[in-house]
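>>> Fold the following and give me the result.
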Amino acid sequence: MVESGGSGRPRPDSEESAERHATPAPPPAAPEETPAGVPDTSAEKPAGPSEETVNETARETAEGPQREEKQRQEPETDSAPDPAERTPDPSDLHPDRPLAHSTPALGESPTPAKGRRPPRPPESRGGLLMGRPFGVPVYVAPSWFLVAALITWVFGGQLDRVLPELGAARYLVALFFAVAFYASVLVHELAHTIAALRFKLPVRRIQLQFFGGVSEIEKEAETPGREFVLAFVGPLLSLVLAGLFYLAMQTVDPGTVPGVLLAGLMVSNLIVAIFNLLPGLPLDGGRMLRAVVWKITGRPMTGTIAAAWVGRALAVSVLIGLPLLTQSGALGSEAEDSVGMDTVLDALLAAILAAIIWTGAGNSLRMARLREHLPELRARNLTRRAVPVETNTPLSEALRRANDAGARALVVVDAHGEPVSLVREAAIVGVPEHRRPWVAVSGLAQDLTEGMRVSAELAGEDLLDALRATPATEYLVVEETGEIYGVLSAADVERAFVKAMARPS
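Predicted structure coming up:
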């Protein structure tokens, strides 16, 4: 089975020029490596305290001016613990929107958001790493060991009827069969991988898991012809393996261990090929059907919808039809009139297969919807306006400047105006309002790395590739000239994904 990835959706309305992102605040700046998403400010409530508010706060402090002066001289890094990340208001994605009344003021504690959290969890490796053929990592999922044990038990029972003289050794033979069968599955997936690499499509990994394997291809084929070939090579190679095992059977005695193993591998590879050729997503036959409909209609999304619904119909057919076929004896076993353990196991197997097919078809639809909107996902549209501030600028003053400029991010710059870090929104919220005049922005910032600088011209898969290469919560967006354009928050990108999934095709 082959699976492709990629998703996202662009901001709808943003034709405005880069001048709206330019920072009108005094020192010119370029951000440092620290993520610095800052929430939108309200037109009615200033983002940070004004000069009169600062003086009033100083007068009302219980410890008195001397105590505050001492606090200002102390390191401020411990005074701003990072609260849990929040998901910004989905209605306020556009960087150049006027200050939204629904968005908390800059530095104001946000209302806890429901739903998904902005930070992306680290991607799971996928199990035990077995190797890197053609540079692609191959993982064995923990569920494989469960299936291998099940195959060993079932095949061992069959060996007891065919070769009773083996005794307990039959389970060693059955374990060898389980490993050889999954080696055949790996060959099937390698066929997809080689074809994808031949078409210059990156492959993230191969994973052997419950009921087979998956080749995770990161991009879509460019043409329906390539899509068809990419899907067909897997079942084709399984058919070739079945033929090779059949030829090898002719050279050995059928009543021996090699003969039984070769017969089992021939039948299992034949089943894998036939099952994967069924015309429904997420199976290879579904991708072939998608390619055919894509070729006829000229729209890949139409092919995906057709193949996904055929896949769902296939899932229902498996759920109902497989137990009926086994009960009637149509698959080679004797018909049973009563419900026994074998019937229950057949029904359980049918339910698991149907669930896998139904879920895979739904996932294919969702991924196709995201890919359809992917070209609209643009860094320029999602970027927040930023204000440059020098390292020793008090937080209250930085918030005042951001509020005056209608900005939602702070970029810390050095004496030469070069960006050095990004002020974290979560750190700002963690500083009590009465301490903000004494906290320097440098204590709330995270250093910039080269990977956290992205071009304002990035869009679609290029943008996603850049973000995947350097996972972070915020990124500094720059023009081709090197001028600061603003700050891109991973929360905004994820929110765009969510809106894309909810948006009709």
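
>>> The closest residue to Thr391 other than its chain neighbours: what's it in contact with?
Excluding its sequence neighbours, the residue lying closest to Thr391 (Cβ to Cβ, 6 or more residues apart in numbering) is Ser442, at 4.3 Å. Heads up, the C-betas are built off the backbone N, CA and C, glycines and all. Shown here is Ser442, whose contacts under the criterion Cβ atoms under 8 Å, 6 or more residues apart in numbering are Thr391, Asn392, Val412, Ser421.

>>> From those, which land in strands?
Using DSSP state E, the subset of these located in strands is Val412, Ser421.

>>> Could you tell me which ranges of this structure sit under the pLDDT cut-off?
1-126, 329-342, 500-501, 503-505 (pLDDT under 70).

>>> quick one, helices of it?
Assigned by DSSP state H, the helices in the chain fall at 51-60, 64-73, 142-162, 170-198, 224-249, 257-276, 284-297, 300-328, 341-373, 379-382, 395-405, 425-429, 460-469, 490-502.

>>> With distance to Gln209 and mean neighbour count added, can I get the ones you listed in CSV?
Listed next are the helices of the chain as CSV, based on distance: least, Cβ to Cβ, whole Å; neighbours: other Cβ atoms under 10 Å:
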stretch, distance to Gln209, mean neighbour count
helix 51-60, 59, 13
helix 64-73, 56, 12
helix 142-162, 5, 16
helix 170-198, 10, 19
helix 224-249, 15, 19
helix 257-276, 14, 19
helix 284-297, 16, 22
helix 300-328, 18, 19
helix 341-373, 10, 18
helix 379-382, 34, 24
helix 395-405, 48, 24
helix 425-429, 36, 25
helix 460-469, 22, 17
helix 490-502, 24, 20
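
>>> Need the ones you listed in CSV (columns: distance to Met452).
CSV is the format used below for these (distance: least, Cβ to Cβ, whole Å):
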stretch, distance to Met452
helix 51-60, 32
helix 64-73, 30
helix 142-162, 34
helix 170-198, 30
helix 224-249, 34
helix 257-276, 42
helix 284-297, 36
helix 300-328, 33
helix 341-373, 24
helix 379-382, 13
helix 395-405, 20
helix 425-429, 15
helix 460-469, 10
helix 490-502, 11
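
>>> Can you check which of those gets nearest to Asp447?
Ranking the helices of the chain by proximity to Asp447 (Cβ to Cβ) places helix 425-429 first, at 13.5 Å.

>>> Give me the spatial nearest neighbour of Arg453, chain neighbours excluded.
Once flanking residues are discounted, Arg453 sits nearest to Leu476: 5.0 Å by Cβ to Cβ, 6+ apart.

>>> wouldn't the one you found be in contact with Gly451 here?
No - taking Cβ atoms under 8 Å as the definition, Leu476 is not a contact partner of Gly451, at 10.4 Å.

>>> Neighbour count for the two, which is higher?
Set side by side, Leu476 and Gly451 show more neighbours around Leu476, with 29 against 14, by other Cβ atoms under 10 Å.

>>> From Met452, how far off is the more buried one?
Distance, Leu476 to Met452, by Cβ to Cβ, to the nearest Å: 6 Å.

>>> ok, for Trp144, nearest residue in space, not its chain neighbours?
Nearest one to Trp144, counting by Cβ to Cβ, 6+ apart, is Leu208 at 5.3 Å.

>>> Confirm for me that the one you found is in contact with Ser143.
No - look at Leu208 against Ser143 with Cβ under 8 Å: they stay out of range, at 9.2 Å.

>>> Make sure Trp144 is actually in contact with Gly212.
No - the criterion here is Cβ under 8 Å, and Trp144 misses it with Gly212 at 9.7 Å.

>>> who's in contact with Arg287?
Arg287 is in contact with Val2, Glu227, Phe228, Leu230, Ala231, Leu281, Ala307, counting by Cβ under 8 Å, 6+ apart.

>>> Might you report the residue contacts of the fourth one?
Under the criterion of Cβ under 8 Å, 6+ apart, the neighbours of Leu230 are Val2, His192, Ala195, Ala196, Phe199, Leu201, Ile217, Ala221, Arg287.

>>> swap in the last one?
Contacts were defined as Cβ under 8 Å, 6+ apart; by that measure Ala307 touches Pro279, Gly280, Leu281, Gly286, Arg287, Leu289, Arg290, Val293, Ala361, Ser364.

>>> how close does the fourth one get to Val310?
It refers to Gly286. Relative to Val310, Gly286 is positioned 7 Å away (Cβ to Cβ).

>>> Give me the common contacts of those two.
Counting by Cβ under 8 Å, 6+ apart, the residues touching both Gly286 and Val310 are Pro279, Gly280.

>>> ok, back up a step: out of the contacts of Leu230, which one sits closest to Ala491?
Ala491 has its nearest neighbour among the contacts of Leu230 in Ile217, at 27.8 Å by Cβ to Cβ.

>>> Verify the contact between Glu372 and Met301 for me.
Yes - using Cβ under 8 Å, Glu372 makes contact with Met301 at a distance of 5.3 Å.

>>> Show the backbone phi and psi for Ala407.
Torsion angles at Ala407 (phi, psi; degrees, to the nearest 10) stand at phi -90, psi 160.

>>> how many other residues sit next to it?
Ala407 sits with 30 neighbouring residues when counted by other Cβ under 10 Å.

>>> Going forward, the N-terminal residue is numbered 50.
Got it, first residue is 50 now, which makes that one Ala456.

>>> That one and Glu439, how far apart?
16 Å.

>>> Tyr524 now?
Tyr524 is 21 Å from Glu439, by Cβ to Cβ.

>>> Neighbour count: these two, which is higher?
Using other Cβ under 10 Å as the criterion, Tyr524 and Glu439 rank with Tyr524 on top: 31 against 19.

>>> Please determine how far that one is located from Gly500.
Tyr524 sits 8 Å away from Gly500, going by Cβ to Cβ.

>>> now do Met350
Using Cβ to Cβ, Met350 is found at 33 Å from Gly500.

>>> Let me know whether Asp496 touches Val472 as I believe.
No - in this structure, Asp496 is not within contact of Val472 by Cβ under 8 Å, at 11.7 Å.

>>> Give me the more crowded residue out of the two.
Each of Asp496 and Val472 has its neighbours counted (other Cβ under 10 Å); Val472 has more, 34 against 13.

>>> Name the nearest residue to that one, sequence neighbours excluded.
Nearest-residue entry for Val472: Leu459, 3.9 Å, with adjacent residues in sequence omitted and distances by Cβ to Cβ, 6+ apart.

>>> so what's that neighbour bridging to?
Taking DSSP bridges as the rule, Leu459 bridges to Val436.

>>> One more: Leu537?
Beta-bridge pairing for Leu537 (DSSP bridges): Tyr524.

>>> Neighbours of it, how many?
Residues near Leu537, counting by other Cβ under 10 Å, number 30.
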